[in-house]
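*Asks:* kindly return the folded structure for what I paste below:
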Amino acid sequence: MHRSIILAKAGEYWVFAYLFAKKDRANIDDDELMAFRKLAELYRRKTQAELDAEICAGALMEICNGD
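*Replies:* Sure, this is the predicted structure:
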């Protein structure tokens with residue numbers, strides 16, 4: 001079993017930020033939670049052009065749902 005941290009911009013996109021095995025750790029700690037919240041805010045503010053540039057640069061990988 002695994003747990004994942006997924007950042008979402010409602011109805012637009014999801015960013016898989018972190019994946020870990022439950023056997024390796026029970027949960028993230030408070031400092032990690034705060035960091036993920038800051039990261040979520042950063043992604044919330046990104047424009048589509050910025051996201052497209054990150055995909056082109058290889059910093060992000062787009063996974064389409066078949067639509």
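*Asks:* name the nearest residue to the most far-flung residue of the chain relative to its centre, ignoring sequence neighbours.
*Replies:* Largest separation from the mean C-alpha position in the chain: residue 23, at 21.7 Å (C-alpha atoms, centre = their mean). Excluding its sequence neighbours, the residue lying closest to residue 23 (C-beta to C-beta, 6 or more residues apart in numbering) is residue 1, at 7.7 Å. C-beta here means a position set from N, CA and C on the backbone, and glycine is covered the same way.
*Asks:* next: residue 54.
*Replies:* Residue 54 sits nearest to residue 60 (C-beta to C-beta, 6+ apart), 4.4 Å away.
*Asks:* give me the distance between that neighbour and residue 14.
*Replies:* Distance from residue 60 to residue 14, counting by C-beta to C-beta, to the nearest Å: 11 Å.
*Asks:* the two: who's more crowded?
*Replies:* residue 60 (16 against 13; other C-beta atoms under 10 Å).
*Asks:* distance of that one relative to residue 43?
*Replies:* Counting by C-beta to C-beta, the gap from residue 60 to residue 43 is 10 Å.
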